[in-house]
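In: below is the sequence, then the predicted model.
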Amino acid sequence: MNWLQSKTPEERKAIAAKSTAKRLANLAEKKNKKLIAQNRVDGLCDQIDELEKRLAGLQREENLRLASPKLTGRTLLSPNDIVKAAMPWGRESGVYFLVDNNDVVYVGQSVNVYARIAQHTDKRFTHYAIIPCQIELLNKLESLYIHLLRPRFNGNYATSNIKMAPMSLHDLLGA
């Protein structure tokens, strides 16, 4: 008589149920381990795909970086260099200067200097410069520069050879 035959029917049923439960638990654990392993493989495949994309981007960047001096005589900036040099965008108020070669030919002011400079299609200039300025000081600063530099494209008062400016020298200096 073997070991199992010596057990009562209830004990045999309990042993069989326990054995079945153990087998099912083992199968579930095995399935869970397979699922975890597959998830790891899938994750690694995703990482490989991402790395391959980054590598392709770096190779493209390197090819363009090498071609740039031949095509333009200039080296391309890296994204980090571009970000470091970036200035905040906004409506910059200030006094601006239109320059033709080495001569300041016009002094103006605006609460949005970049847009205003673009409107000067009637004036010949090769460069520009900007001095940021608070809005409430624009008239004073522009006037000081007009009186100092006497640029040729800033107009004259009709009755005199004095340059037109938002404020006269008399008003500025209180003399």
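Out: That came in fine, so what should we check first? Numbering: from 1, shown residues only.
In: domains of this protein?
Out: The chain is divided into the following domains under automatic domain parsing: 4-72, 88-173.
In: show the average pLDDT along the last one.
Out: In this case it means domain 88-173. For domain 88-173, mean pLDDT rounds to 90.
In: straight-line length of that domain, end to end?
Out: Start-to-end span of domain 88-173 (CA to CA, to the nearest Å) is 35 Å.
In: pull the distance from that domain to the chain's centre.
Out: Remark: domain 88-173 is offset 31 Å from the chain centroid, using CA atoms, centre = their mean, to the nearest Å.
In: how about a markdown table for the domains of the chain, with distance to residue 78 and mean neighbour count added?
Out: Quick note: C-beta positions are derived from backbone N, CA and C, even for glycine. Listed next are these as a markdown table, based on distance: least, CB to CB, whole Å; neighbours: other CB atoms under 10 Å:
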| stretch | distance to residue 78 | mean neighbour count |
| --- | --- | --- |
| domain 4-72 | 8 | 10 |
| domain 88-173 | 20 | 15 |
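In: okay, those domains in CSV with distance to residue 82 next?
Out: As requested, those are arranged in CSV below (distance: least, CB to CB, whole Å):
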stretch, distance to residue 82
domain 4-72, 13
domain 88-173, 14
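In: show me where the chain has its helices.
Out: Secondary structure of the chain, counting by DSSP state H: helices at 9-72, 79-85, 113-118, 138-149, 169-173.
In: can you say which of these is nearest to residue 161?
Out: helix 138-149 (12.5 Å; CB to CB).
In: what comes into contact with that closest one?
Out: If you take CB atoms under 8 Å, 6 or more residues apart in numbering as the criterion, helix 138-149 is touched by 93-95, 97, 104, 107-111, 131, 133, 154, 163-169, 172.
In: how about it as PDB, C-alpha atoms only?
Out: C-alpha atoms of helix 138-149 as PDB (Å, rounded to 0.1, in the frame of the first residue of the first chain):
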ATOM      1  CA  LEU A 138      12.400 107.600 -24.100                       C
ATOM      2  CA  ASN A 139      11.800 111.200 -25.000                       C
ATOM      3  CA  LYS A 140      14.700 112.500 -22.900                       C
ATOM      4  CA  LEU A 141      17.200 109.900 -24.000                       C
ATOM      5  CA  GLU A 142      16.200 110.200 -27.700                       C
ATOM      6  CA  SER A 143      16.400 114.000 -27.500                       C
ATOM      7  CA  LEU A 144      19.800 114.000 -25.900                       C
ATOM      8  CA  TYR A 145      21.200 111.800 -28.700                       C
ATOM      9  CA  ILE A 146      19.600 113.800 -31.400                       C
ATOM     10  CA  HIS A 147      21.000 117.000 -30.000                       C
ATOM     11  CA  LEU A 148      24.400 115.300 -29.500                       C
ATOM     12  CA  LEU A 149      24.800 113.400 -32.800                       C
END
